[in-house]
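Engineer: Just a sequence and a predicted model for now, questions to come.
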Amino acid sequence: MYDIVILGGGPAAITAAVYIGRKRLNALLLTKNIGGQVLETMSVENYLGYSFIEGPELIQKFDTQLREHPIDIKLGYRVTKVRQADEHFEVDTESGESFLSKVVLYTLGKRARRLGVPGEDRLVGRGVSYCAVCDGPLFAGQKVTIVGGGDSALEAAYDLIKMAEHVYLVSLTPFTADPVLVERVVGAPNLTTFVEHIAEEIEGGEFVEAIRIRDLKTGERKRLESKAVFVEIGLIPNSEPLKGLVTLNKWGEVPVNTCCETEIPGLYAAGDVTDIPEKQIIVACGEGAKAALQASKYLQKNK
Amino acid sequence: MVKVYSTVTCPWCRRAKQFLTQHNIPYEDLDVGSNVTARNEMVKKSGQLGVPVIDIDGEIIIGFDEPKIRHKFSIP
């Protein structure tokens, strides 16, 4: 039985682990990987102490600091369920292993939202990608499609028009990205935008060959030949393991109070998975620190 | 022999290479964005089109799977 198990490996989790490490508690960090969403970006320009730092560099520094502390770290685990049992919690993982703890700090963050169209799941890693910055260069000189109309979609378009033969940009709504991001891509000779169009199907045998879309106004359907479909339609919270234990808000986020407490005593949450406003690295770090301090006080009181 | 199939913009690839360097594991870095031969080789080995792909003595690891790499090199 651990005193505290921290679930996750992003900025909130790592900061919490550093704070918990200093309390000399019997603690475990249980995560799939170290880094989380920070490793989906190359440049970080608003984390104090660095005017500019690359995502991987920042995570390497976080990781080094984390490992200076006496806390168990288990990598490669995906959490499937958090359950309450008597005076403790039980955390189930995909591998079948379960972990018992007096306190749980839930910091599982967010993940890319999927389109939910036929062909998508089958073609993930076969042209369907949720990380344009990672996989974009693989499709240099080819026709590609980006689905989305927010900042990340327009940023992907900016990167891809420089290398792809042609870029199709399909957005369900008028662009919601910052105008500055829209202005720098619209008018590019190798970009065609389909605003207020819905993606209906991704086609391909071994690899992606095309995407089918429909005009929401006219109902007209089109088939766009593409070697890749980059899905950039926002993020959803990794809160499924808490379903049935806590009441999530309408976006699936975990409600917390200013002390990072959930409605269940002993269950704390921090970072992007929670209902706090502003999902930022520095905010997640701060929340992680606060949750760790509050959780250790709770452990003191409930010895 | 370790080969890392990567793109220059991919943060996970960078993290994977940092990890290998940090643990003194030599590797060959192949940029599949510009090197078509390497891209085809990666697709053939991994059956997919996502980076990074890490080839450790013929064992193919898709993504920066830190526990697998640690296990392979007996890094605690």
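Structural biologist: Happy to help now that I have it.

Engineer: from here on, contacts and neighbour counts on C-alpha atoms
Structural biologist: Noted.

Engineer: Find the nearest non-adjacent residue to residue 51, please.
Structural biologist: This is for chain A. Among residues not flanking residue A:51 along the chain, residue A:45 sits closest, at 5.4 Å (Cα to Cα, 6 or more residues apart in numbering or on different chains).

Engineer: that's the wrong chain, I wanted chain B
Structural biologist: Nearest non-adjacent residue to residue B:51 (Cα to Cα, 6+ apart): residue B:6, at 5.5 Å.

Engineer: ok, now residue B:56?
Structural biologist: residue B:2 (4.6 Å).

Engineer: Does that neighbour touch residue B:59 like I think?
Structural biologist: No: assessed by Cα atoms under 8 Å, residue B:2 is found out of contact with residue B:59, at 9.4 Å.

Engineer: of the two, who's got more company?
Structural biologist: residue B:2 (17 against 12; other Cα atoms under 10 Å in any protein chain shown).

Engineer: Would you list the phi and psi of that one?
Structural biologist: Backbone torsions of residue B:2, given as degrees, to the nearest 10, read phi -120, psi 130.

Engineer: measure the residue nearest to residue B:56 to residue B:55 for me?
Structural biologist: 6 Å (Cα to Cα, to the nearest Å).

Engineer: how near is residue A:3 to chain B?
Structural biologist: The gap separating residue A:3 from chain B is 23 Å, by Cα to the nearest Cα, to the nearest Å.

Engineer: List the buried residues for the helix or strand containing residue B:55?
Structural biologist: Here residue B:55 is covered by strand B:53-56, with elements defined by DSSP states H and E. Neighbour-count burial for strand B:53-56, counted by 16 or more other Cα atoms under 10 Å in any protein chain shown, picks out B:53, B:54, B:55, B:56.

Engineer: Give me the contact list for the helix or strand just after it.
Structural biologist: For strand B:53-56, the succeeding helix or strand toward the C-terminus, using DSSP H and E, is strand B:59-62. Contacts to strand B:59-62, defined as Cα atoms under 8 Å, 6 or more residues apart in numbering or on different chains, come from residues B:45, B:46, B:50, B:51, B:52, B:53, B:54, B:55, B:68.

Engineer: still on that earlier bit, now do the contacts for the residue nearest to residue A:51.
Structural biologist: With the criterion set at Cα under 8 Å, 6+ apart, residue A:45 makes contact with A:51, A:52, A:53.

Engineer: just residue A:47 next, same as before
Structural biologist: Contacts here follow Cα under 8 Å, 6+ apart; on that basis residue A:47 touches A:281, A:282.

Engineer: helix/strand/coil for residue B:50?
Structural biologist: In three-state terms, and counting by DSSP: H, G, I helix; E, B strand; the rest coil, residue B:50 is coil.

Engineer: How much space separates it from residue B:27?
Structural biologist: 19 Å.

Engineer: So which of those two has more stuff around it?
Structural biologist: Neighbour comparison, residue B:50 and residue B:27: the larger count goes to residue B:50, with 25 against 16 (by other Cα under 10 Å).

Engineer: tell me the phi and psi of that one?
Structural biologist: Here is the backbone geometry of residue B:50 (degrees, to the nearest 10): phi -140, psi 150.

Engineer: again, but for residue A:264
Structural biologist: Main-chain dihedrals, residue A:264, degrees, to the nearest 10: phi -100, psi 120.

Engineer: And the closest residue in space to it that isn't next to it in sequence, its phi and psi?
Structural biologist: For residue A:264, ignoring the flanking residues on the chain, the nearest one in space by Cα to Cα, 6+ apart is residue A:246 at 7.2 Å. Main-chain dihedrals, residue A:246, degrees, to the nearest 10: phi -120, psi 160.
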